[in-house]
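Asker: I need the structure of the sequence given here:
(one chain, ligands or ions: 1)
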Amino acid sequence: MNIGVIGTGYVGLVAGSCFAESGNDVWCVDNDAAKVEKLKAGVIPIYEPGLPEIVDRNLREERLTFTTDLDAAVKKSFVIFIAVGTPPTPSGAADLTAIFEVAAAIGRSMDRYKIIVIKSTVPVGTSEKVREILKKHTTHPFDLLSNPEFLKQGAAVEDFMKPDRVVVGADDVRAGELLRDLYAPFVRTGSPVLLVDVRTAELLKYAANAFLAARISFMNEIANLCETVGANVDMIRKGLAEDSRIGPAFLFPGVGYGGSCFPKDIKALIDTGRQHNYEMKILESVDAVNQNQAVRFVEKIRRHFGGDLRDKRLAVWGLAFKPRTNDMRDAPAIKIIESLLAAGSTVAAYDPEGMDEAKRIFGDRIQLTSNNYGCVEGADALLIVTEWQAFRNPNFERMKSVMRHPVVFDGRNIYDPVQLRQSGFTYYSVGRT
Ligand SMILES: NC(=O)c1ccc[n+]([C@@H]2O[C@H](COP(=O)([O-])OP(=O)(O)OC[C@H]3O[C@@H](n4cnc5c(N)ncnc54)[C@H](O)[C@@H]3O)[C@@H](O)[C@H]2O)c1
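Answerer: Now for the predicted structure:
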């Protein structure tokens, strides 16, 4: 099948490449000319395990084309996915400017019947607005579907190739079945393709992210209470995870969730409630607990230093919002480092994949080191902000020998408190005393 994908970010690039990998001819469009040039040369602008190999293979076998020419891509394609960004506006609502622009451009370029699929995360009711825009710009018939994406950054290819489920929102049964067939190669092990109406599909995506974010904020709240009453959140987490009604996922306390999805999607869902005169009380709290979690972490550091962070040299391990990605959008590291800088500390930082992003965000305001040991040289304390695998089992003796003070603030609970203290470190973590 001929497929167009508009927007080649984390979602569009992964979806387009994976559709090409299953034999389709795919035109991936982006209005960022520099990005498209890189992609044409096989240079992947994001860190996503497994993706370079797939892009490379499908470029060579000429199933995958990168272009800025939306008009040509629309004309060639039968199914067109919209995968542009939906960032937050200051009010928390999703900014749909790119979605509406792309819809108008698709409408203008249509030369026959097409299936148009919104893959971006959009508030319930957006498809109706997109349908109106399309109708304004074309007289050709079309079906408009919703197919929200559930991939996780850091495991995006694997998630796309083997999804837990695929959600297809279609008000026309035949168009819905066609999309289901397109996904057939990815669900051969029996994962369901849920055919639902468009509005349900739109809301389902937000419900999934909101539920996962709620689990994280819930655990952060329990961890905060553990610190006050002297209980151990690790064991509480294990005790909860063993309950088959609860399960183990998304129960790790820390410095709060970040990234390009949870923070904005929770705010957008709260805004959707507000638009319909419904107060999303649980989600308001989920968001508030999350906002406070990085603040609490910095307060812990401040308290250790007697309330004064001036001239402290602090080392940060981990900048990306989670391991296995270079994405720093809404990363807790940004909030934490900005607070430390504002309090007069100097910051050295290291991340296995996020250094270019960090350079772009902080410039010369922090020192970026080429490895994790260089980062802790002369440090008054080390902060663990992202739980990269490479940080889990470091040489503590080596760290101690180069740090000014052997102090660790572990924002991800990756170390054993007993072991760290026995090794001579002053050790703080989240929800464990
Ligand atoms: N990143 C994730 O893990 C993830 C997961 C599921 C769903 N989503 C949703 O998918 C959507 C895309 O997310 P993303 O992380 O891939 O975003 P992104 O910012 O990485 O990519 C968006 C791309 O769209 C391009 N673009 C913007 N306007 C355009 C236009 N008018 N024409 C052509 N290209 C245009 C941008 O240049 C960019 O390359 C969002 O709605 C997001 O909420 C993201």
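Asker: how far off centre is the longest helix that the chain contains?
Answerer: Using DSSP state H to define each element, the chain has its longest helix at helix 198-229. In terms of CA atoms, centre = their mean, to the nearest Å, the centre of helix 198-229 is set 15 Å apart from its chain centre.
Asker: mind listing what's buried along it?
Answerer: The neighbour-count check on helix 198-229 (16 or more other CB atoms under 10 Å) flags 198-199, 201-206, 208-210, 212-224, 226-227 as buried. All C-beta atoms are positioned from the backbone trio N, CA, C, and that covers glycine.
Asker: so is that helix next to the ligand?
Answerer: No: counting by CB under 6 Å from any ligand atom, the ligand has no neighbours in helix 198-229; the shortest distance is 7.1 Å.
Asker: for that helix, packing partners?
Answerer: Using 3 or more CB pairs under 8 Å, 6 or more residues apart in numbering; DSSP states H and E as the contact criterion, the elements in contact with helix 198-229 are helix 126-137, strand 142-146, strand 166-169, helix 233-241, helix 262-275, helix 281-304.
Asker: tell me what angle the first one forms with strand 142-146.
Answerer: For helix 126-137 against strand 142-146, the angle by axes from the mean of the first three to the mean of the last three CA atoms, to 10 degrees is 160 degrees.
Asker: check which helices and strands helix 126-137 sits against.
Answerer: helix 97-109, strand 114-118, strand 142-146, helix 198-229.
Asker: all strands of the stretch 301-433 of the chain, in order?
Answerer: Assigned by DSSP state E, counting those that start in this stretch, the strands in the stretch 301-433 of the chain fall at 313-317, 346-350, 367-368, 381-384, 407-410, 426-428.
Asker: format those as a markdown table; extra columns: mean neighbour count and mean pLDDT.
Answerer: Shown next, in a markdown table, are the strands of the stretch 301-433 of the chain (neighbours: other CB atoms under 10 Å; pLDDT from 0 to 100):
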| stretch | mean neighbour count | mean pLDDT |
| --- | --- | --- |
| strand 313-317 | 26 | 98 |
| strand 346-350 | 22 | 98 |
| strand 367-368 | 18 | 98 |
| strand 381-384 | 25 | 98 |
| strand 407-410 | 24 | 98 |
| strand 426-428 | 18 | 98 |
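Asker: for Asp197, give me its contacts.
Answerer: Contacts for Asp197 (CB atoms under 8 Å, 6 or more residues apart in numbering) come out as 169-171.
Asker: for it, grab phi and psi.
Answerer: With angles defined as degrees, to the nearest 10, Asp197 sits at phi -80, psi 160.
Asker: measure it to the ligand for me?
Answerer: As for Asp197, its distance to the ligand is 20 Å (criterion: CB to the nearest ligand atom, to the nearest Å).
Asker: what about Glu299, neighbour count?
Answerer: Neighbour count for Glu299, taken as other CB atoms under 10 Å: 13.
Asker: distance-wise, check it relative to Pro88.
Answerer: If you measure Glu299 against Pro88 using CB to CB, to the nearest Å, the figure is 26 Å.
Asker: sorry, back to before: JSON lines for the helices and strands packed on helix 126-137, including mean pLDDT?
Answerer: Output for the helices and strands packed on helix 126-137, formatted as JSON lines (pLDDT from 0 to 100):
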{"stretch": "helix 97-109", "mean pLDDT": "98"}
{"stretch": "strand 114-118", "mean pLDDT": "98"}
{"stretch": "strand 142-146", "mean pLDDT": "98"}
{"stretch": "helix 198-229", "mean pLDDT": "98"}
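Asker: save the ones you listed as a markdown table, and put in distance to Lys76 too.
Answerer: Listed next are these as a markdown table, based on distance: least, CB to CB, whole Å:
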| stretch | distance to Lys76 |
| --- | --- |
| helix 97-109 | 10 |
| strand 114-118 | 11 |
| strand 142-146 | 16 |
| helix 198-229 | 25 |
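Asker: figure out which of these is closest to Ala175.
Answerer: strand 142-146 (3.7 Å; CB to CB).
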